[in-house]
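K.L.:
Need coordinates for the following:
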Amino acid sequence: MVAKQRSTRVDDVYAQLRRDILDTRLLPGSQVPEPELALRMGVSRTPVREALIKLQAEGLIELIPRHGVRILPVSADDMREIYGILIALEPEVAAEAAQRQQSEQSFTALETAMAKMEAALEGGDLRAWANADDDFHRALLALGENRRMTQFISTLFDQAHRARMVTVRLRSDSKRSTQEHRKILRAITAGRPDEARALFRSHRERTAGVLLSILEETQLRSL
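P.N.:
Sure thing, here's the model as predicted:
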């Protein structure tokens, strides 16, 4: 029973810290002492340390002996590699989703994410917009039948989401991006795989260019 409670505490701390990192409540490049994190989470240092070890294995943080933890910055080079993979694979997921005969219910999560994106854009809430954008891509991925490819792509989404949250207030293309998502969704639900693939690839290529330009400029200013 004690071991189960301990495991639950570690999982809870891990999940919360992970959310804080991905949503940039813990800022990239910042350094935080472990006791401060334990106090913030309301737990002892042991579950915090175990959660941090898992986060370090995922490439989100760096443990620094006697100095706590450093939240790893979002690197333009890392994002270039990640988006290169997403551009190669995600359009195929979109085409596959469009090609299969599916019920309208299968697209509910995509429609919900799309509606959230449009509402957030209308309300000027860019953080909510970025979260809804992430929901759209994850909902589309969930429609894929290639389990290994789905698992592989999902491991890249966290870093892509973190980069999106870092740059979202510096971007001026949120309206265009939302319109592109709507076109992609129409092609998928209408069963047009070639169109869905082409639209998705074009969208990812364009947004990757926007994001990388911001990250590179930010890194140059920090030199």
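
K.L.:
Any stretches of this structure with poor pLDDT?
P.N.:
For the chain, the stretches flagged by pLDDT under 70 are 1-7, 101, 219-223.

K.L.:
repeat that for 80
P.N.:
Residue ranges of the chain with pLDDT under 80: 1-7, 101-105, 218-223.

K.L.:
Let me see the ranges of the helices in it.
P.N.:
2-22, 34-41, 45-57, 76-99, 108-123, 126-142, 147-167, 174-189, 193-222 (DSSP state H).

K.L.:
Now tabulate those helices in CSV and tack on mean neighbour count.
P.N.:
Quick note: C-beta positions are derived from backbone N, CA and C, even for glycine. Shown next, in CSV, are the helices of the chain (neighbours: other Cβ atoms under 10 Å):
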stretch, mean neighbour count
helix 2-22, 15
helix 34-41, 15
helix 45-57, 17
helix 76-99, 19
helix 108-123, 16
helix 126-142, 20
helix 147-167, 17
helix 174-189, 18
helix 193-222, 17
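
K.L.:
Can you tell me which of these is nearest to P28?
P.N.:
Closest of those to P28 is helix 147-167, at 6.2 Å (criterion: Cβ to Cβ).

K.L.:
Excluding chain neighbours, give the residue nearest to F136 in space.
P.N.:
Leaving aside its chain neighbours, F136 sits nearest to A113 (3.9 Å; criterion: Cβ to Cβ, 6 or more residues apart in numbering).

K.L.:
so the one you found sits right up against W129, yeah?
P.N.:
No. Under the criterion of Cβ atoms under 8 Å, A113 makes no contact with W129, lying 10.8 Å away.

K.L.:
what do those two both touch?
P.N.:
In the contact map built from Cβ atoms under 8 Å, 6 or more residues apart in numbering, no residue is linked to both A113 and W129.

K.L.:
ok, the residue nearest to F136 - contacts?
P.N.:
132-133, 135-136, 139.

K.L.:
Rebuild the helices of the chain as TSV, extending it with distance to L63.
P.N.:
Listed next are the helices of the chain as TSV, based on distance: least, Cβ to Cβ, whole Å:
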stretch	distance to L63
helix 2-22	13
helix 34-41	9
helix 45-57	5
helix 76-99	19
helix 108-123	35
helix 126-142	27
helix 147-167	18
helix 174-189	35
helix 193-222	23
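
K.L.:
looking at these, which is closest to H67?
P.N.:
Nearest of those (Cβ to Cβ): helix 34-41, 9.2 Å.

K.L.:
ok, the residue nearest to E96 when sequence neighbours are not counted to V10 distance?
P.N.:
Excluding its sequence neighbours, the residue lying closest to E96 (Cβ to Cβ, 6+ apart) is G144, at 6.1 Å. Here G144 is placed at a distance of 30 Å from V10 (Cβ to Cβ, to the nearest Å).
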